[in-house]
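> Have a look at this prediction, sequence included:
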Amino acid sequence: MPELIAKSPLAGRPPVTRGALTLSETPMDAVTSLALFPGQSKAMARVLKPMGLSFPAPNRVSQSGDARLVWTGRDQAFLIGVGAPAIPAEVAAVTDQSDCWAGLSVEGPAAHDALMRWVPIDLRPKSFAVGSAIRAPLYHMQAIILRMTADRIDLMVFRSMARTAWHEIDVAMTTIEARAARQK
Amino acid sequence: MRVDGKGLIDRTKPVRFTFDGRAYGGYRGDTLASALLANDVTLMARSFKYHRPRGVLTAGSEEPNALVEIIGATNQTPNVRATVQEVFEGLAARSQNRWPSLKYDGMAINDLLSPFFSAGFYYKTFMWPRAFWEKLYEPLIRRAAGLGSLSGRHDEGLYEKAYAFCDLLVIGSGPAGLMAALTAARSGADVILAEEEARLGGRVLADDIMVGGKPGADWVAEVQAELAGLPNVRIMRRTTVVGVYDHGTYGALERVGLHQPARANLPRECFWRIVAKRAILASGALERGIAFPMNDRPGIMMAGALRTYLNIYGVAPGKRITLFANNDGARVTARALIAAGVPVAAIVDSRPDAPMEDGTLVHAGARVIDTKGRLALRQITVLKGAEQIEIETDALGVSGGWNPTLHLTCHMNGRPRWSDDLAAFVPQDGAVPGMIAAGAANGTFSTHGCLAAGHASAAMALSDMDMRPAVIAVPMAEDAPYRLSALWTVEGKGRAWLDLGNDVTTKDVGLSAQENFSSVEHMKRYTTQGMAPDQGKSSNVAALAVLANATGRSIPETGTTTYRPPYVPVSIAALGAGGRAMGFAPQRFLTSDQASRDRGAPMIEAGLWYRPSYFPKPGDATWRDSCDREVMMVRQTVGVADVSTLGKIDIQGADAARFLDFVYCNTFSTLPVGKVRYGLMLREDGFVLDDGTTARLGDTRYLMTTTTAAAGLVMRHLDFVHQAFCADWNVRIISVTEGWAQFAVAGPQARMLVNSFLEAPVYLPFMGVAPVRVGGVDGRLFRISFSGEEGYEIAVPTRYGEALFRDLVARAETMGGGPYGMEALNVLRIEKGFITHAEIHGRVTAFDIGMDKMISAKKDCIGKASAMRPGLVGPEREQLVGLKVGGETAMVAGAHLFAQGDAIKRETSQGCVTSVCWSPTLQMWLGMAFLKNGRARHGNKLRLVDHMRDVDLVVEVCDPVFHDPSGEKLRA
């Protein structure tokens, strides 16, 4: 047990609900970047198989239990939710990213509505189905966005920018709530 | 005057509003224009140039005349079209461009002087003396011209922007748009229907047309109800599609909250970017006027607008109405008015063969040649053959025909095609990839034709997307042919306005041609026709016709000017939604942020980060006191600073060393594991990109550090180099900047402090790196120094950053030290002669900063060849030097250096100062500067001059390393 006190990026901030949408901070306990070296996809598949995972295709997530392997770039995926397995150095570059990211989630049937104020991507369930992941701008910052369940979208943003991300999503949610109550 | 039994306004919801301070009543669903007309207010504005009294010309967003200011709690919005602004309880509107009042406008003197104010007046008149233009003429003209006024305050209203996606975007919801949307919706396509007005229906409502055997409003309501119930349809009312961009992207402006009292968190407007696979332009057509003498009086409006006011708003804009037209449209208006009980004095039809009309007097082959009434129309004069007829009338509806609203088809360089049949421009097929013009926008002017075209175009767009179009029976509706005989101008005494927005008359266009500005583009600039907020929507084609006539060419030969986005004015606030004040950029916070603020440290921005500037203590009079104390604290005991903002990049792979050798000008493949080396990175053009230290953590693993400001830039550069030049190498790069909280511990007691909190003390040689355990956490310890003292940097996972910082500061304070901020950090590095981006500002080479020997001769690197180019090395270059001056006289960064005795002017500048500080260590002012051939001039005395801050003093050039030049302290 460390003597140093650990703090999450938005420590102490309770979830906020606006209309049908709820914004929360989600813990980012273990995030590891796995960056495949050229020609190592088969070797990587052998490493991942016992975990029930496969290296994800672009814009997809592979999931098994608590473990998610999220596509984050060319030959790169983030393993989230479990510690990194032993991976031979020649197969992939393994980099701890646990503290690099703040996790946020927007829950509600139209979570995409709030996010599409800032994200220039079609995040509606039809186009951004369960199991999708994308790297896209959230207004001025970059984000990793994924949908693991029908009515919730998860985001990862740079840890230091978490407050701005929170603020911007909250503004979008309050705006949508106010729109619903306006004169027709 | 309100007409009983007519209109679609909600008469159960009366609202009160003010115009020029006077209270009026209207109903929810009224526009400001319709509500004013209902109150018999026809004078709404003064014209741009001549300050002529003006009323409302149209009933839509094309309105050139009735522009007003809307005064809200947070906003004062000028140039709002009264035809677009809906009334609501408490709306405050004000007329503009008049003084002291709308009725008595002093500037109306311009109207009397109008013979002098023809097109080109300014260019001819205000030429001499030349110097007067900027100081006298231009300010004078700007005061006299112009429309609304601004509050001078920030616009603190809430605005929004958003993205939307669809298969089919339908622009406009008249008969064509509704049929297109219905067809696509029933076919299962993902549809967005964008309508500029508050109501769907377009001219089905405005003309009260029967569709499928029922009143148009009922048919629209049925279609709307069906569309609204479908999950694959999004109806966007009050939304104007304003621009077309590449790859099926459309810009649209939504009036979200402008139609109701301000409400917390409700945006005023939203700027949408809609990405559509296909689009149907069903934007309808705009009616155009006829340029007859004195055609601008309040009460003269479009015949179609009269119908709109009657059928949608239940308003008759006059008590005795006359119509003047070259087509059958005026008759529809007359019938509607008479049916509603509004008297129609006569129809003036320019066609000699015009048919008679039951119950209404028709003057066939006649024209309006004059009008009377200063603040409101009173009388018109009609010329029929040789006979002059005077008609008492307070409203005149004019129709010169219709122009398809094809603006959007021109946004990607498409040019419209002239149709002789319609005497109008029509869209060129395929002008915008994926967009089909349908209905009136495409020159189909009957309701049935529009319904059929809407259905057919949707079917075409759907088939194009491999979707099966639903078959829908096209409802029956009027299918009258469009009978028109072109009439652009009427000769006669008095001015005939083309462009009411900018006060351009037929004479101005003629003058333009006479002065050889005969190309349409020149005519536009010379006369300013089409340059007002309405962008000439109701005047462009008529102006072309006049120009064509004046130059003896046909209209197609004359051509047309280009329609560019935006279709209607878009507020900058909507485009920049979210970006005002702190929204301009993300804020990045350190884990030590709260701890620093708790100590009263003023935070300054470094890149996007907030960093403590200094840590004040009781008794500090100025920041300098704090800064000096912190510098001496580091020099004498120990200081702690948060340096987490530095960029950190994890580089791994068998080719990692090779990659670093390629991107750095010096060598990293020879760096032993457990050691750190300073590196310099060049751009491809040979100039310095960034510097920093890189540690070798393992055989195939390095950790690069960049400067705070260039962290993103370097990451992008590495990604580019990897992807563009060596994509097949075994190297992988990822940023870990955010993953580590890193603190500098510097000073003679730094080692003691570090060992006090490490679980197992380590001895690290200078430029060493080692894994350490601290507080039960795995961290890294680097022995590097940016201060010139013995220095360490301890890194732990970011989640432990705050805890470690507070602990380190407490320990340092116990030892007589404490935290230090950016000011002290800067002084420490200047004393030591270390560079920052103040020096490597993008225009210096490795040679300039004295590091050219770092460019390894044994290998190639990015920028190496370029760095050797003539002009980038040699005595003519400005080279890094130190500056010192005795006493308390302050040097300033940004000052220029001159040889003593030289004239002080731009050409004799020898270089400039990049960084300065008061050195509490050396008790003098120090500076860093770039000086021509500077390294050979140590010991020279120069003049340092800054005209901005009135500084002129003599300084001595020296080596830039002032403190501990041999480096004994940092290697201790």
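That came in fine, so what should we check first?
> what residues are up against B:Thr505?
B:291, B:495-498 (Cβ atoms under 8 Å, 6 or more residues apart in numbering or on different chains). To be clear about C-beta, it is placed using only N, CA and C from the backbone, and glycine gets the same treatment.
> Check B:Arg677 too.
B:666, B:668, B:671, B:693-694, B:767.
> What helices and strands are in contact with the helix ranked longest in chain B?
For chain B, the helix reaching the highest residue count under DSSP state H is reported as helix B:447-464. On a contact count with 3 or more Cβ pairs under 8 Å, 6 or more residues apart in numbering or on different chains; DSSP states H and E, helix B:447-464 meets strand B:160-171, helix B:175-186, strand B:269-281, strand B:435-437.
> Now mean neighbour count and mean pLDDT too, for those, in JSON lines please.
Below are the helices and strands packed on helix B:447-464 laid out as JSON lines (neighbours: other Cβ atoms under 10 Å in any protein chain shown; pLDDT from 0 to 100):
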{"stretch": "strand B:160-171", "mean neighbour count": "25", "mean pLDDT": "98"}
{"stretch": "helix B:175-186", "mean neighbour count": "30", "mean pLDDT": "98"}
{"stretch": "strand B:269-281", "mean neighbour count": "24", "mean pLDDT": "98"}
{"stretch": "strand B:435-437", "mean neighbour count": "27", "mean pLDDT": "98"}
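> For chain A, which of those is the nearest?
Distance to chain A, taken as Cβ to the nearest Cβ, is lowest for strand B:160-171 among the helices and strands packed on helix B:447-464, at 3.9 Å.
> Can you pull out the residues in contact with the helix or strand harbouring A:Ser105?
Using DSSP states H and E, A:Ser105 maps to strand A:101-107. By Cβ under 8 Å, 6+ apart, the residues outside strand A:101-107 that reach it are A:8-10, A:21-28, A:31, A:114-115, A:144, A:151-159, A:161-162, A:165-166, A:169, A:173, B:738.
> ditto for stretch B:237-250
By Cβ under 8 Å, 6+ apart, stretch B:237-250 touches B:61, B:169, B:171, B:194-200, B:251-256, B:258-259, B:272-279, B:283, B:408-409, B:411-412, B:432-435, B:565-568, B:570.
> Buried subset of those residues as a ChimeraX selection?
To isolate the buried ones among the contacts of stretch B:237-250 in ChimeraX, judged by 16 or more other Cβ atoms under 10 Å in any protein chain shown, type:
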select /B:61,169,171,194,195,196,197,198,199,200,251,252,253,254,255,256,258,259,272,273,274,275,276,277,278,279,283,408,409,411,432,434,435,565,566,567,568,570
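> Within reach of chain A, which of the contacts of stretch B:237-250 are there?
Filtering those for proximity to chain A by Cβ under 8 Å from any Cβ of the partner chain leaves B:256, B:259, B:273, B:275.
> could you measure the residue nearest to B:Met476 when sequence neighbours are not counted against chain A, distance?
Once flanking residues are discounted, B:Met476 sits nearest to B:Gly212: 5.9 Å by Cβ to Cβ, 6 or more residues apart in numbering or on different chains. With the distance defined as Cβ to the nearest Cβ, to the nearest Å, B:Gly212 ends up 25 Å from chain A.
> How about the contacts made by B:Gly212?
B:219, B:475-477.
> which residue is nearest the centroid of chain B?
Nearest residue to the geometric centre of chain B (Cα atoms, centre = their mean): B:Leu575, 4.6 Å.
> Select the longest strand from chain A.
For chain A, the strand that runs over the most residues, judged by DSSP state E, is strand A:141-149.
> Please enumerate the strands of chain A.
Using DSSP E, strands in chain A cover A:16-18, A:21-26, A:31-36, A:61-64, A:67-73, A:76-80, A:92-96, A:101-107, A:132-138, A:141-149, A:152-158.
> correction: the stretch 801-950 of chain B
With DSSP state E, counting those that start in this stretch as the criterion, the stretch 801-950 of chain B has strands at B:818-819, B:878-885, B:896-899, B:911-919, B:924-932, B:941-946.
> Tell me if I am right that B:Ile651 is in a helix.
No: secondary structure of B:Ile651 (DSSP: H, G, I helix; E, B strand; the rest coil): strand, not part of a helix.
> What number of residues are in the vicinity of it?
27 (other Cβ atoms under 10 Å in any protein chain shown).
> With adjacent residues omitted, what lies nearest to it?
Nearest non-adjacent residue to B:Ile651 (Cβ to Cβ, 6+ apart): B:Tyr702, at 4.6 Å.
> got it, and A:Ala86?
A:Ala86 sits nearest to A:Val47 (Cβ to Cβ, 6+ apart), 7.9 Å away.
> By proximity to chain A, which residue of the stretch 851-972 of chain B wins?
B:Ile862 (21.1 Å).
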